[in-house]
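# fold the following and give me the result.
(chains A, B, C and D)
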Protein chains: 2
Amino acid sequence: MSRPTIYDVARESGFSIKTVSRVINEAPNVRSETVARVRAAIELLQYHPDPAAQRLGGGKLPTVGVVVDSVDDPFFAQVIAVIEARAMDAGMDVLVASTGMDETRMRTQIRRLARRGVAGLVVAPFGDTRTVEEALPDDVPVVVIDRKCGVTSKDVVRVTDEQGATDAVRHLVARGHRRIGFLGKLSAFDTLVDRFNGYERALTEAGIEVDPQLVETRAWTSDEAYPYALAMLATSDAPTAVFAASPMMGLGVLRAQQRLHRQDVALVIFGDYPVAELMTPPTTVVDQRPVALADTAFDHLVRRIQDPDAEVLDTVLPTLLVPRGSGELAPRGVA
Amino acid sequence: MSRPTIYDVARESGFSIKTVSRVINEAPNVRSETVARVRAAIELLQYHPDPAAQRLGGGKLPTVGVVVDSVDDPFFAQVIAVIEARAMDAGMDVLVASTGMDETRMRTQIRRLARRGVAGLVVAPFGDTRTVEEALPDDVPVVVIDRKCGVTSKDVVRVTDEQGATDAVRHLVARGHRRIGFLGKLSAFDTLVDRFNGYERALTEAGIEVDPQLVETRAWTSDEAYPYALAMLATSDAPTAVFAASPMMGLGVLRAQQRLHRQDVALVIFGDYPVAELMTPPTTVVDQRPVALADTAFDHLVRRIQDPDAEVLDTVLPTLLVPRGSGELAPRGVA
DNA sequence: AGGCGACATGACAGCGCTGTCAACACCCCG
DNA sequence: CGGGGTGTTGACAGCGCTGTCATGTCGCCT
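As a prediction, the model looks like this:
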């Protein structure tokens, strides 16, 4: 009445449990006829191996763990969705854990999943190199996503942050903007620094000097960004365009614009967000393409699981500038 | 060098593994001094029980499974986030699985998690009563969320769909609207039918007849809703207000409005969505309060895990009308 | 014909826990 | 002072797998 075990399959098929185990794990050196008979018995009994037992017996759980800042951040939600889909195809389950942007909690969550015996881990880390390197386990395959954080011992999949930012700001410069604001907390992630560098590069190559008045690096959440954005837009020599280095910064700017009833400030946000195309004007973004990122991360995780000694990869995927309207606005007062 | 086991703790503390096991599981009849000594040993060795072994030994995994339509739907993403947070506090992990709105896949995913030995399951089901009742396991505690689907054998946590819809439509009626459109696929979920009933009720009590021209029940995704919304808004006797029975329908309407350059159509969407407050005009919604829902669901799940024979609960939480602008627009042409 | 290696299968011992049951020490009561 | 709880602890047998090692069977080469 209870779930069938490997013994039931063994009895039914007439082979030993070890042979059944071999069939399950697609081990070599089993006669194809034997495989067929065992498979038939498995099918007949509707047998499914118990992951806990497989794990205890010596293997890993058919499970991948995903550790991200927060599960309901749209970016990470998409990442999780892709990983979940890929894992399902591979017959694996997905454990999720969030760090809430807390280093201790990040460490705890990673350790917990590692202890649990997951086959692999996808982690969006943060903190300085040392913290992150220490938090990442060496006995479990890990792929780091989105942020490198100086990690060199693990596979990393991220995007061209600097180039993406450069593209965004060049886009604004091409529309004639010369006073372009920047919002983004540099101390938070290395990615933010890259994005600032991209901003700086685009300005410099256009012969525009970076105006410290237009660079706001204190805000982290959108709530924090809002007053700064408000202040920046309200000054007499306000920027005619803004580059928001993250969706959170972008939302702060949008709130400020809404508050000031201004729809004439050009805006490009690094990172797409839900319904950006329905805003007034629709928001131009630098798409980080979370789907491609997660897909690649999963590929690399599988590779690492199969060959723990494979060469360490640092994959940098291109971003995509998506013009929707807000980024194509001409400078105020110009036709 | 390897992870410490219960034997290490036993040796270190001077007790048997069984006593250590008792301490871990907070079993009764253990002297407090013994507990203290064992705890000290656990602390010293940094011991953490192996979930797989606990499971095999006879218990359940310290894990809850969450099965939803899709992981990156903002509503479910929030649900998952809350469950994850609560689970973490309870020392549990969270397995996520999505159904992709496919009955077979729903069944597969639920079975898989159940087999895995999770302690409990939170499921957003769909399909007719029979399908769902069959898909839900009886040997694992389950809490059904968001949609009842006729389930009577499990705890259910949902919201006042009909009342919420009535509130929304009354709100529009109170602003003077008499031609109010409805968008929502009734055949999809029982919740949608409830929302339509709420719509009908609010109209009826205001002495307004339901105009079939203004009721669109074919669309399911926002892509499908878009052309219908477009058509509805473009007719000569177009509605002055629209009640979108789900965020997807709402996005369809918003796209249509954007396309038609119309910001004068009053709109209330059932279900909040990201940055709704930044739209032009900001979108008035009926908040389903996913956080409260998930919180309650987790409470009920814990209750059910502790007492499998507890009375079956059907909890219906109130929704919250959030006026933000779009729902307060007067009918076209009226001051 | 004898022997060796490649293939195919099985016996058995864990993996790290928990459940069952037994053992033992006390305590209360008649 | 003996019987029968009650509280506290431990020995031991699994749970359902996989790893190791042994066993048996051919086919082929010398």
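# which residue ranges of chain A form helices?
A:6-13, A:17-24, A:32-45, A:51-57, A:74-89, A:103-116, A:129-135, A:161-174, A:190-205, A:222-234, A:247-260, A:290-306 (DSSP state H).
# out of those, nearest to B:Leu56?
For the helices of chain A, the distance to B:Leu56 is smallest for helix A:51-57, at 5.0 Å, taking C-beta to C-beta. Every C-beta, even on glycine, is put in place using the N, C-alpha and C of the backbone.
# return the backbone torsion pair for the residue lying closest to A:Ile24 once chain neighbours are set aside.
Spatial nearest neighbour of A:Ile24, excluding adjacent residues (C-beta to C-beta, 6 or more residues apart in numbering or on different chains): A:Pro49 at 5.7 Å. The phi/psi pair for A:Pro49 (degrees, to the nearest 10) reads phi -60, psi 150.
# chain B contacts on the stretch 51-200 of chain A?
When proximity is defined as C-beta under 8 Å from any C-beta of the partner chain, the stretch 51-200 of chain A approaches chain B at A:51-53, A:55-56, A:61, A:63, A:70-72, A:74, A:77-78, A:80-81, A:84-85, A:88, A:93-98, A:109, A:112-113, A:115-117.
# so which of those would count as near DNA strand D as well?
Contacts with DNA strand D within these, counted by C-beta under 7 Å from any atom of the strand: A:53, A:56.
# and the residues of the stretch 51-200 of chain A next to chain B, which of them are buried?
A:51-53, A:55-56, A:61, A:63, A:70-72, A:74, A:77-78, A:80-81, A:84-85, A:88, A:93-98, A:109, A:112-113, A:115-117 (16 or more other C-beta atoms under 10 Å in any protein chain shown).
# wait, the residue nearest to A:Ile24 sits on A:Asn25?
No - counting by C-beta atoms under 8 Å, A:Pro49 stays clear of A:Asn25, with 9.0 Å between them.
# which segments of chain A make up each domain?
Domains of chain A are assigned by automatic domain parsing as A:6-49, A:61-159+A:290-317, A:161-288+A:321-328.
# need those in a markdown table (columns: mean pLDDT).
Converted to a markdown table, these look like this (pLDDT from 0 to 100):
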| stretch | mean pLDDT |
| --- | --- |
| domain A:6-49 | 93 |
| domain A:61-159+A:290-317 | 95 |
| domain A:161-288+A:321-328 | 96 |
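# need those domains in a markdown table (columns: distance to B:Met232).
Putting those into a markdown table (distance: least, C-beta to C-beta, whole Å) gives the following:
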| stretch | distance to B:Met232 |
| --- | --- |
| domain A:6-49 | 49 |
| domain A:61-159+A:290-317 | 29 |
| domain A:161-288+A:321-328 | 18 |
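# which residues does the residue lying closest to A:Leu230 once chain neighbours are set aside contact?
Excluding the flanking residues, the one nearest A:Leu230 by C-beta to C-beta, 6+ apart is A:Ala256, at 4.3 Å. By C-beta atoms under 8 Å, 6 or more residues apart in numbering or on different chains, the residues touching A:Ala256 are A:226, A:229-230, A:232-233.
# just put the helices of chain A in JSON lines and tack on distance to DNA strand C.
Formatted as JSON lines, the helices of chain A follow (distance: least, C-beta to the nearest atom of the strand, whole Å):
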{"stretch": "helix A:6-13", "distance to DNA strand C": "7"}
{"stretch": "helix A:17-24", "distance to DNA strand C": "3"}
{"stretch": "helix A:32-45", "distance to DNA strand C": "4"}
{"stretch": "helix A:51-57", "distance to DNA strand C": "4"}
{"stretch": "helix A:74-89", "distance to DNA strand C": "24"}
{"stretch": "helix A:103-116", "distance to DNA strand C": "10"}
{"stretch": "helix A:129-135", "distance to DNA strand C": "22"}
{"stretch": "helix A:161-174", "distance to DNA strand C": "42"}
{"stretch": "helix A:190-205", "distance to DNA strand C": "37"}
{"stretch": "helix A:222-234", "distance to DNA strand C": "43"}
{"stretch": "helix A:247-260", "distance to DNA strand C": "41"}
{"stretch": "helix A:290-306", "distance to DNA strand C": "20"}
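# out of those, which comes closest to B:Asp139?
With C-beta to C-beta as the measure, helix A:51-57 is the member of the helices of chain A nearest B:Asp139 (15.5 Å).
# what does the closest one contact?
A:61-63, A:93, A:117, B:50-53, B:55-56, B:61, B:115-117.
# ditto for stretch A:145-158
Contacts for stretch A:145-158 (C-beta under 8 Å, 6+ apart): A:79, A:122-129, A:132-133, A:136, A:138, A:142-144, A:159, A:189-191, A:288, A:293-294, A:296-297, A:300-301, A:303-304, A:312-317.
# A:Leu321 and DNA strand D: what is the separation?
48 Å (C-beta to the nearest atom of the strand, to the nearest Å).
# quick one: contacts for the residue nearest to that residue when sequence neighbours are not counted?
Once flanking residues are discounted, A:Leu321 sits nearest to A:Asp167: 4.9 Å by C-beta to C-beta, 6+ apart. The contact partners of A:Asp167, by C-beta under 8 Å, 6+ apart, come to A:198, A:202, A:286, A:319, A:321.
# mind checking how far A:Asp167 is from B:Thr217?
Distance, A:Asp167 to B:Thr217, by C-beta to C-beta, to the nearest Å: 44 Å.
# is chain B contacted by stretch A:264-277?
Yes - contact of stretch A:264-277 with chain B (C-beta under 8 Å from any C-beta) involves A:273-275.
# and that stretch, how far apart are its ends?
The stretch stretch A:264-277 measures 17 Å between its terminal residues, going by C-alpha to C-alpha, to the nearest Å.
# which strand runs longest in chain A?
When chain A is parsed with DSSP state E, its longest strand is strand A:61-68.
# that one near DNA strand C at all?
No - Strand A:61-68 lies apart from DNA strand C when judged by C-beta under 7 Å from any atom of the strand; the minimum separation is 12.9 Å.
# what angle do that strand and helix B:103-116 make?
100 degrees (axes from the mean of the first three to the mean of the last three C-alpha atoms, to 10 degrees).
# in CSV, list the C-alpha atoms belonging to strand A:61-68.
Provided in CSV are the C-alpha atoms of strand A:61-68 (Å, rounded to 0.1, in the frame of the first residue of the first chain):
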residue,chain,number,x,y,z
LEU,A,61,20.0,15.3,-3.7
PRO,A,62,18.5,15.8,-7.1
THR,A,63,18.0,19.4,-6.1
VAL,A,64,19.5,22.8,-6.9
GLY,A,65,19.5,25.6,-4.4
VAL,A,66,19.0,29.2,-5.4
VAL,A,67,20.1,32.0,-3.1
VAL,A,68,19.1,35.6,-4.0
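# for the residue nearest to A:Val193 when sequence neighbours are not counted, give me its contacts.
Setting aside the residues directly before and after it, A:Val193 is nearest to A:Leu186 in space (C-beta to C-beta, 6+ apart), at 5.2 Å. Residues in contact with A:Leu186, defined by C-beta under 8 Å, 6+ apart, are A:192-193, A:196, A:217.
# what's the most distant pair in those?
A:Val193 and A:Thr217 (9.7 Å).
# just put the helices of chain A in CSV and tack on distance to B:Val173.
Listed next are the helices of chain A as CSV, based on distance: least, C-beta to C-beta, whole Å:
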stretch, distance to B:Val173
helix A:6-13, 64
helix A:17-24, 63
helix A:32-45, 59
helix A:51-57, 55
helix A:74-89, 34
helix A:103-116, 48
helix A:129-135, 56
helix A:161-174, 45
helix A:190-205, 48
helix A:222-234, 35
helix A:247-260, 28
helix A:290-306, 42
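# right, I'll call it a day here.
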